[in-house]
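Trainee: let me see the structure of the following:
(chains A and B)
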Amino acid sequence: MANYSTNQFKNGLKVMIDGDPCNMVDVEMVKPGKGQAFTRVKLKNLMTGRTWERTFKSGDSVEGADVMDTDMEYLYNDGEMWHFMDPATYEQVAADANAVGDSHKWLKEQDSCMITLFNDNPISVTPPNFVELEVTETDPGLKGDTAQGGSKPATLQTGAVVRVPLFINQGDVLKIDTRTGEYVSRA
Amino acid sequence: MAIDPQHWQPTASIHNLRKRAAIMAQIRSFFADREVLEVEMPLMSQCAVSDPFLDTIETLYADYVGSESYPLYLQTSPEYAMKRLLAAGSGAIFHLGKAFRNGESGSRRHNPEFTMLEWYRPGMDDQQLMDEIADLITPILKLDSVERLSYTQVFKRVLNIDPHTAPLQTLVAETRKHVDIELEDDERDTWLNLLMSHVIEPKLADLGAVFVYDYPASQAALAQIKADAQGQQVAARFELFVNGIELANGYHELTDAQEQKQRLLKDQQTREQMGLPQRPLEMRLVSALEAGIPDCAGVALGVDRLVMLALGVDSIQDVIAFPIERA
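Mentor: Below you'll find the model as predicted:
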């Protein structure tokens, strides 16, 4: 991979820091009134999710990371790995629990997800912002209670549990915002 | 830098540009009332700034079209030219215009072409000039007062370290506590600058407007060196921070021609060691000091940042019609 010098740093640049691929979240030049300039970068470690700030001297360079985001279709979970397929090439990849993280709660077969590949291996899985999932278990709905007032837990087909309004019934299909984990509406 | 044909609009609103114009008018009337003469200095010079940590933008000029061109340098501050005027007997002067610095973009506080207010006051020292700066900015920024702390006081207050006497390894260890950086450096100033910019400046935001004065003698730039109350050699230099943003830098000016010459030559040497471009030094400044420059204090103030602070916006792009990305 190419090396990037501080003057090429920009938001979204993927670089190798201490052996892990990292994303530059925020790049700011720090220039004292007199004296040398520094570049302060907010970095996100793409393996661990940790975010922190590192400062570079002007002219320092770092190695780029072979990181690529690609849309893939979720196929199935074999009990250990989650399998995805590139709809264009039919190429398949398998992501482990570490890469999938909390996203597993929102993965429905045939949904399209964004897979982040590092050296062609999946390191993170981002579900669509909105998913539609069926309620598999919840207390019976209260007739007529379609206005505000109260909520209850509902278990969805993926195993995720979300707070839903009282009128929701088992078998309903719900639209969920995966970024907040909150119920949006009936689908 | 890519040119996007869709990006024709200014980044600053017309409303902000009106406020900006009003502040410019306010500055001019402040100096007119005090009988400080407005002067216009060349933006292009045959000489460049010596400071190794400032880079000049080079432009090419030909005496007649088609002849061989030679470099002229866009000024990083009108300081050298203004001091030549002072030596020629101008009296108190101010300059309100553009300055240029290479490589200073990609930040919410920098644009490579920016507006600088610089002024010189014969007969004043750094403390008296701080009074005048406070008089100028308090109505513009609607401040009650401007605090004053010495460089030693801010280091003691925030880090409990004496910046002049702490051993290098203490400065390094303290920096590493707060800043993640891979760096080996024997220059005390490097570590002091890291602590100042990464740890202390953000804390200064809590104080509102504050002058930090009596910098280490090694960071004098063009300021006189003097002994402070504790007998420590310090530079008669100050900086003004408002809400943690560096707004102005001033000196009780160096008037010693020989010392000035030494500092220019030392900068050039540092440039050589760092592999930086060698550009013509402004020896006419040395001649001007030899001829005699009045004892004076001077300051440069970033006008774009002043407008940012007055308008309460956090990006310089909100107060410049066409910053570099759209220029």
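Trainee: make it CA atoms for all contacts and neighbour counts henceforth
Mentor: Noted.
Trainee: what does the stretch 151-300 of chain B put close to chain A?
Mentor: B:179-183, B:189-190, B:193, B:196-197, B:219, B:221, B:239, B:246, B:249 (Cα under 8 Å from any Cα of the partner chain).
Trainee: just the buried residues of those residues.
Mentor: B:179, B:181, B:189-190, B:193, B:196-197, B:219, B:221, B:239, B:246, B:249 (16 or more other Cα atoms under 10 Å in any protein chain shown).
Trainee: list of residues touching the helix or strand containing B:V154?
Mentor: Secondary structure from DSSP states H and E places B:V154 in helix B:151-159. Contacting residues not belonging to helix B:151-159 are listed as B:161-164, B:200, B:203, B:212-216 [Cα atoms under 8 Å, 6 or more residues apart in numbering or on different chains].
Trainee: the same query, at a cut-off of 7 Å, please.
Mentor: The contact list for helix B:151-159, computed with Cα atoms under 7 Å, 6 or more residues apart in numbering or on different chains, reads B:161-163, B:200, B:212-215.
Trainee: tell me which residues of it come out buried.
Mentor: For helix B:151-159, burial by neighbour count (16+ other Cα under 10 Å) applies to B:151-155.
Trainee: in the stretch 151-300 of chain B, which spans are helices?
Mentor: For the stretch 151-300 of chain B, helices defined by DSSP state H, counting those that start in this stretch occupy the ranges B:151-159, B:168-178, B:188-195, B:201-204, B:257-273, B:283-291.
Trainee: nearest residue to A:A2 in space, please, no chain neighbours.
Mentor: Spatial nearest neighbour of A:A2, excluding adjacent residues (Cα to Cα, 6 or more residues apart in numbering or on different chains): A:G64 at 5.5 Å.
Trainee: list the contacts of the one you found.
Mentor: Contacts of A:G64 (Cα under 7 Å, 6+ apart): A:1-4, A:14-16.
Trainee: any chance of those in a markdown table, with neighbour count, pLDDT and secondary structure too?
Mentor: Formatted as a markdown table, the contacts of A:G64 follow (neighbours: other Cα atoms under 10 Å in any protein chain shown; pLDDT from 0 to 100; DSSP: H, G, I helix; E, B strand; the rest coil):
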| residue | neighbour count | pLDDT | secondary structure |
| --- | --- | --- | --- |
| A:M1 | 9 | 75 | coil |
| A:A2 | 11 | 90 | coil |
| A:N3 | 13 | 94 | strand |
| A:Y4 | 17 | 95 | strand |
| A:K14 | 25 | 94 | strand |
| A:V15 | 26 | 96 | strand |
| A:M16 | 19 | 96 | strand |
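Trainee: which one of the residues you listed is nearest to B:A62?
Mentor: If you rank those by distance to B:A62 using Cα to Cα, A:Y4 comes first, at 36.1 Å.
Trainee: need the buried ones from the contacts of helix B:151-159 selected in PyMOL.
Mentor: Entered in PyMOL, the line below selects the buried ones among the contacts of helix B:151-159, by 16+ other Cα under 10 Å:
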select buried, chain B and resi 161+162+163+200+212+213+214+215
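Trainee: may I see the contacts of helix B:151-159 arranged in a markdown table, with pLDDT as well?
Mentor: Output for the contacts of helix B:151-159, formatted as a markdown table (pLDDT from 0 to 100):
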| residue | pLDDT |
| --- | --- |
| B:I161 | 96 |
| B:D162 | 96 |
| B:P163 | 97 |
| B:I200 | 94 |
| B:V212 | 97 |
| B:Y213 | 97 |
| B:D214 | 97 |
| B:Y215 | 97 |
